[in-house]
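Peer 1: pasting the sequence and the predicted model now:
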Amino acid sequence: MSETLHLEDLTPGRRFRLGTLQVSAAGIAAFAAEFDPQPFHLDAAAARLSPFGGLAASGWHTAALTMRLLVRDLPLAGGIVGLGLDVLRWPAPVRPGDTLSAEVEVLEARPSRSRPGSGVVKLRVTTRQQDGKTVQEMVPNLIVPSRSA
């Protein structure tokens, strides 16, 4: 998508399909080593003995990958500026070799009461593996400029 999206473009029910990202074992380990150094994210042998039954990406890594998809493929005016999350959950693990994609649905959009020229937009962002299994669900609230801003 090349057009920059403003508040007026984000009507409830509108959907956007974002592109894909490939997940590697090295990427999982590098993220975990810096931000979530637990054995099931760092070591395949230890991960086999964990509740995951194998190497799994940190949920925070999944969130960061989803953010990359949003920034790359959802051209919101002013960027992706969050006001908070209503929901963040990881119903299934992300594994090495997975290809992630995301879909965005606009749930609500309204003018801001405190920031003239902007609005608050609530989205549902669903991140899935290549087989369609959901690996992350989040409902962020964003501040988005209107065209008149």
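Peer 2: Arrived safely, thanks for sending.

Peer 1: please make it C-alpha for all contacts and neighbour counts, starting now.
Peer 2: OK.

Peer 1: what kind of secondary structure is the most centrally placed residue in the chain in?
Peer 2: Closest to where the C-alpha atoms of the chain average out (C-alpha atoms, centre = their mean) is T66, at 2.9 Å. When classified by DSSP: H, G, I helix; E, B strand; the rest coil, T66 comes out as helix.

Peer 1: now swap in R110 and tell me
Peer 2: Classification of R110 using three-state DSSP returns strand.

Peer 1: wait, it touches G119, no?
Peer 2: Yes - using C-alpha atoms under 8 Å, R110 is in contact with G119, at 5.4 Å.

Peer 1: what sits against D43?
Peer 2: Residues near D43 by C-alpha atoms under 8 Å, 6 or more residues apart in numbering: 29, 55.

Peer 1: this structure: strands as residue ranges?
Peer 2: 15-22, 82-89, 99-111, 118-128, 134-145 (DSSP state E).

Peer 1: from P140, how far off is T11?
Peer 2: 15 Å (C-alpha to C-alpha, to the nearest Å).

Peer 1: so for the two, which sits in the more crowded spot?
Peer 2: The neighbour count for T11 versus P140, taken as other C-alpha atoms under 10 Å, is higher for P140 (18 against 15).

Peer 1: number of nearby residues for the nearest residue in space to the more buried one that is not next to it in sequence?
Peer 2: Nearest residue to P140 in three dimensions, chain neighbours excluded: L85, at 4.3 Å (C-alpha to C-alpha, 6 or more residues apart in numbering). Neighbour count for L85, taken as other C-alpha under 10 Å: 13.

Peer 1: next: E34.
Peer 2: E34, neighbours per other C-alpha under 10 Å, totals 8.

Peer 1: which residues touch it?
Peer 2: With contact set as C-alpha under 8 Å, 6+ apart, E34 has no partners.
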